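**Q** Generate coordinates for the sequence data below:
(2 chains, ligands or ions: 3)
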Amino acid sequence: MLDAKIPAGPMDDKWTDYKGHCKLVNPANKRKLEVIIVGTGLAGASAAASLGEMGYKVKAFCFQDSPRRAHSIAAQGGINAAKNYQNDGDSVFRLFYDTIKGGDYRAREANVHRLAEVSANIIDQCVAQGVPFAREYGGLLSNRSFGGTQVQRTFYAAGQTGQQLLIGAYQALERQVALGNVTMYSRHEMLEVVMVDGKAQGIIARDLITGTLERHFGNAVLLCTGGYGNVFYLSTNAMGSNVTAAWKAHKQGAAFANPCYTQIHPTCIPVSGDHQSKLTLMSESLRNDGRIWVPKKQGDTRKATDIPEEERDYYLERRYPAFGNLVPRDVASRAAKERCDEGYGVGTSKQAVYLDFAAAIERYGKIEVSKEGRTGVGKDEIIALGKEVVKEKYGNLFDMYEKITGENPYELPMRIYPAVHYTMGGLWVDYELQTTLKGVYCLGEANFSDHGANRLGASALMQGLADGYFVIPYTIGNYLADEIYNKPVSTDHPAFAAAEKEVNDRLVTLMNIKGKQSVESLHKRLGKIMWEKCGMARNAKGLTEAIAEIQALKKEFWSDVKIPGTIEGFNPELDKAGRVADFIELGELMCKDALDRNESCGGHFREESQTEDGEAMRHDDQYMYVAAWEYAGESNWNLHKEELKYEVIKPSQRNYK
Amino acid sequence: MEHYNMNLNLKVWRQQNGKSKGEFKMYRVEDISSEMSFLEMFDVLNEKLIQDGEEPVAFDHDCREGICGACSMYINGKPHGPWQANTTCQLHMRAFKDGDTVVVEPWRANAFPVIKDLVVDRTAFDRIIQAGGYISVNTGNAVDGNALPINKDKADASFAAAMCIGCGACVAACKNSSAMLFLSAKVSHLALLPQGEPERHSRVINMLAQMDKEGFGACTNTGACEATCPKEISLTNIAMLNKEYLTASLVADK
Ligand SMILES: Cc1cc2nc3c(=O)[nH]c(=O)nc-3n(C[C@H](O)[C@H](O)[C@H](O)COP(=O)(O)OP(=O)(O)OC[C@H]3O[C@@H](n4cnc5c(N)ncnc54)[C@H](O)[C@@H]3O)c2cc1C
Ligand code: SF4
Ligand code: FES
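**A** Ligands and ions are numbered 1, 2, ... in the order given. Next comes the predicted model:
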């Protein structure tokens, strides 16, 4: 079932050879071919713009009111590229190597190498579009560092890199809309793939304003629908982020790969109460200057500022002297959980650790003073100067923290705790980004391909734009070149009618349940199961329980959910109900996958598989594969394994000590 | 930070769809924590409405981090509510006290018709961008990112303008419902960069024409937009736009 279609030949030449030999579509024929793109975040908007420019007829869909609001807009820290502008020894190979190692040797080499190859083009493209990246005084592009690397290759625009990149792609997309090459359907949700004779020929979409179902023909369907972190209810994802589009494709036959690989980000603002609707990230860049600690005494209730230096445990610096506060995300998150579980947590909930800038403020203050060549400056003035420096670096994040918590992080350390952030798993795709469902492609966070079991910071934006700007324009041609011989399928075709009926029946069923529990309350309960039993630490007992609990919750959902309003007209509760129903099914598969993978790797930590001092332990002899699950009816999946062959990099145990 | 709970009276605009007439309805919410965000308080209201068999209040939101620009409530007579430089989703309940009455309405502007309750149609902004809010460069044609150094101050100024989140609060705050702050932010963002140079004249003319066509009002320099903008987009952008427009009109008939 799984043919990754990795081109033959040496790693360095694979992509070049592929581009040199893939099929092309001539301009006149491109105008006859229609491509449906679901999702217009970084992956979808860049794909829609590029394919529109090439001459394909593109129809793009998103559920927000405008493509500019896709969840990509929220990305803060930056985007990686192997430009080596800092002359610090970066190269395509090094970015390739860091990504494979960061992913704990569970990603496909050929895809990651291509990603590293095209990374530099992304920056050029974005600059040409007018993305205002941060610059040095000399006018050249500036870089910062991120976790898990030893070079400075992260390009950024203050704490709003995702916003600026998305606006760039959005503008390119709107230009194609103006030129008539792309038709944009906003406030539309894709609810089914239409398959005719074994290949995708369109979708069923719902107009979220009127509630009407629409049939759309396409010679190919690209799913660029983002990650599924909201299966945990609480995550750093936007409220609308969901798995529905990918899940519909999955149930039609697209394999879902490594669903259990979830990234829990170490530095997020902790939960403040039951009312919590989402969690807010505090960028990884803060770990450049912030020191993480807890009190040495369990259950210490003193204020942070009253705890003297010698009674603080800087546990990351203690456990990982080499990388200190900049260990990769999975390692930092687990360490925070360990401290809190042992009773050292802080704040009212005791589910938090401190991220402290006091030392950085003082250090920067002293540098400022010495820059000015002054002596005998009082401590207060040093601190004031230091705060200015910290403000310039992280001001917007500090403001966001203060708005949410009401506490001033310049005076008190931030309280932070890990939160669900990114999903490395997703639809299985081959080298061409095609899923196992013919004619359905998957780009961006929605696919599984590049980050293995743990994603490095600033690599998701890179992947989304690589897929959309530089990969799909080639690989889609290789497929569509054969489509020119086929007449477009009419949307009156029985397959369209059947798919539409399927969608409609489900909506009617949902509305007719008329139970007692709100969608939100059921979603919260799913999230709680997932977080407790398929979160930062997992074990066979918990996962087995979780599967049973989720199956029970599914029954409850389908017999007792209460959806107000009607199918016609604007009804966000109905939209949400459909998404939560899919999350419940996905949750079960995630637990199944986590149970099956009896090793720890990256973000997937099985308590049964750890070293003596509690570090993750891989079992390459048994699990060096991608787990691709084929849907086989309710609560039933077949596992297919794509063996991972490391031709260039030799897997080793990760060590950050 | 001291936490407290409060009871509030909410006066909320309800409107079934674009064609029906709307009206204010009063609701009471209880035990609202000062730590909640304003939208989480609305979540509480909506859960209550659902339990009571009523339709929840429809409102736009997505990121809840102040960056996507979806949220758009007019709170006690101010777009995005009482805090400076803030979005509705980042407004927290400690801005209110027990017993307060809070009035919530949708953006009001001809160019932003109501879809339902507090949800309005802002696609006019997308069409303004379609009219020229971009740099015409196809994928794959770019030169090296460092081939053209850009003065840091200019790059920073361009970024400051590019921070606009397209929320439309500026329009909602303006007595003329002008979209000038939004439009000028885009014009400045691109005009300040050398890459934006070739199209700077046609861009400003076409975008302004589209703004008129969409039914936004003219700018009379009142400054309510700047005062309400969550991203502190400055009025100097409008001055820059006017300058751009003047030059553009002079060279237009080529
Ligand atoms: C707070 C935060 C900060 C981050 N910071 C960084 C960072 O600094 N660097 C980095 O590299 N990565 C970062 N990431 C990760 C990165 O932002 C995302 O992985 C990436 O933006 C995803 O892009 P995408 O195009 O795949 O999906 P999205 O941007 O999520 O877009 C999904 C699109 O699909 C549409 N859609 C979904 N379902 C449907 C449907 N059924 N029908 C129609 N349309 C649908 C949506 O409308 C949307 O347009 C961050 C993530 C978060 C949460
Ligand atoms: S200028 Fe300000 S108020 Fe207007 S749309 Fe942009 S961010 Fe919103
Ligand atoms: S919900 Fe995104 S800005 Fe408020």
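**Q** what about whichever residue of chain A sits closest to ligand 2, how many residues close to it?
**A** Nearest to ligand 2, among the residues of chain A, is residue A:68, at 10.6 Å (Cβ to the nearest ligand atom). The way it works is simple: take the backbone N, C-alpha and C, and place the C-beta from them, glycine included. The local packing of residue A:68 (other Cβ atoms under 10 Å in any protein chain shown) involves 30 other residues.
**Q** Residue B:67 is in contact with that one, correct?
**A** No: between residue A:68 and residue B:67 there is no contact under Cβ atoms under 8 Å: 10.6 Å.
**Q** still on that earlier bit, mind listing what the residue of chain A closest to ligand 2 touches?
**A** Applying Cβ atoms under 8 Å, 6 or more residues apart in numbering or on different chains to residue A:68 gives the contacts A:166-167, A:170, B:69, B:126, B:166.
**Q** could you pull out the strands for the stretch 451-600 of chain A?
**A** A:517-518, A:561-562 (DSSP state E, counting those that start in this stretch).
**Q** which one of those strands lies closest to residue A:443?
**A** Across the strands of the stretch 451-600 of chain A, residue A:443 has its closest neighbour in strand A:561-562 (32.0 Å, Cβ to Cβ).
**Q** Run the chain-centre distance for that closest one.
**A** 30 Å (Cα atoms, centre = their mean, to the nearest Å).
**Q** is chain B contacted by it?
**A** Yes: Strand A:561-562 lies within reach of chain B by Cβ under 8 Å from any Cβ of the partner chain, at residue A:562.
**Q** quick check: mean pLDDT across that strand?
**A** Mean pLDDT, strand A:561-562: 98.
**Q** Which strands or helices does it pack on?
**A** Contact analysis of strand A:561-562 by 3 or more Cβ pairs under 8 Å, 6 or more residues apart in numbering or on different chains; DSSP states H and E lists helix A:494-513, strand A:517-518, helix A:519-533 as its packing neighbours.
**Q** Out of those, which is closest to ligand 1?
**A** Going by Cβ to the nearest ligand atom, the one of the helices and strands packed on strand A:561-562 nearest ligand 1 is helix A:494-513, 11.4 Å.
**Q** what's the neighbour count on the residue of chain A found nearest chain B?
**A** With Cβ to the nearest Cβ as the measure, residue A:139 is the residue of chain A nearest to chain B, at 2.8 Å. The number of residues packed near residue A:139 is 14, by other Cβ under 10 Å.
**Q** picking that back up, can you put the strands of the stretch 451-600 of chain A in CSV and add distance to ligand 3 and mean neighbour count?
**A** Output for those, formatted as CSV (distance: least, Cβ to the nearest ligand atom, whole Å; neighbours: other Cβ atoms under 10 Å in any protein chain shown):
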stretch, distance to ligand 3, mean neighbour count
strand A:517-518, 21, 20
strand A:561-562, 25, 20
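**Q** one step back: for the residue of chain A closest to chain B, give me its contacts.
**A** B:149-152, B:155 are the contacts of residue A:139 under Cβ under 8 Å, 6+ apart.
**Q** So it, which state does it fall into?
**A** Assigned by DSSP: H, G, I helix; E, B strand; the rest coil, the conformation of residue A:139 is coil.
**Q** Per-residue pLDDT of the closest residue to it other than its chain neighbours, please?
**A** Distances taken as Cβ to Cβ, 6 or more residues apart in numbering or on different chains place residue B:149 nearest to residue A:139, at 2.8 Å, with adjacent residues excluded. pLDDT for residue B:149: 97.
**Q** now residue A:379
**A** Residue A:379 is assigned 94 on the pLDDT scale.
**Q** same thing with the one 5 residues further on?
**A** Per-residue confidence at residue A:384 stands at 96 (pLDDT).
**Q** tell me which element it falls in.
**A** Secondary structure assignment for residue A:384, by DSSP states H and E: helix A:379-405.
**Q** Establish whether the helix or strand just after that helix and chain B are in contact.
**A** Per DSSP H and E, the first helix or strand lying C-terminal to helix A:379-405 is strand A:414-423. No: judged by Cβ under 8 Å from any Cβ, strand A:414-423 makes no contact with chain B; its nearest approach is 11.1 Å.
**Q** And the helices in chain B, which stretches?
**A** Taking DSSP state H as the criterion, chain B contains helices spanning B:38-51, B:123-130, B:152-162, B:169-173, B:180-191, B:200-213, B:224-228, B:236-252.
**Q** Determine how far the last residue of stretch A:459-469 lies from the first.
**A** Stretch A:459-469 has an end-to-end distance of 15 Å (criterion: Cα to Cα, to the nearest Å).
**Q** Check stretch A:13-33 too.
**A** Stretch A:13-33: ends 30 Å apart by Cα to Cα.
**Q** quick one: is that stretch near chain B?
**A** No: against chain B, stretch A:13-33 shows no contacts by Cβ under 8 Å from any Cβ, the least distance being 11.4 Å.
**Q** just to revisit the earlier point, may I see the helices and strands packed on strand A:561-562 arranged in JSON lines, with mean pLDDT and distance to residue A:16 as well?
**A** As requested, these are exported to JSON lines (pLDDT from 0 to 100; distance: least, Cβ to Cβ, whole Å):
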{"stretch": "helix A:494-513", "mean pLDDT": "98", "distance to residue A:16": "39"}
{"stretch": "strand A:517-518", "mean pLDDT": "97", "distance to residue A:16": "54"}
{"stretch": "helix A:519-533", "mean pLDDT": "98", "distance to residue A:16": "42"}
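**Q** With distance to ligand 1 added, can I get the ones you listed in a markdown table?
**A** Converted to a markdown table, those look like this (distance: least, Cβ to the nearest ligand atom, whole Å):
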| stretch | distance to ligand 1 |
| --- | --- |
| helix A:494-513 | 11 |
| strand A:517-518 | 21 |
| helix A:519-533 | 16 |
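**Q** and of these, who's closest to residue A:359?
**A** Using Cβ to Cβ, those put helix A:519-533 closest to residue A:359, at 32.3 Å.
**Q** What residues sit buried inside the closest one?
**A** The neighbour-count check on helix A:519-533 (16 or more other Cβ atoms under 10 Å in any protein chain shown) flags A:519-520, A:522-527, A:529-531, A:533 as buried.
**Q** what's the farthest-apart pair in those residues?
**A** Greatest spatial distance among those (Cβ to Cβ): A:519 and A:533, at 21.8 Å.
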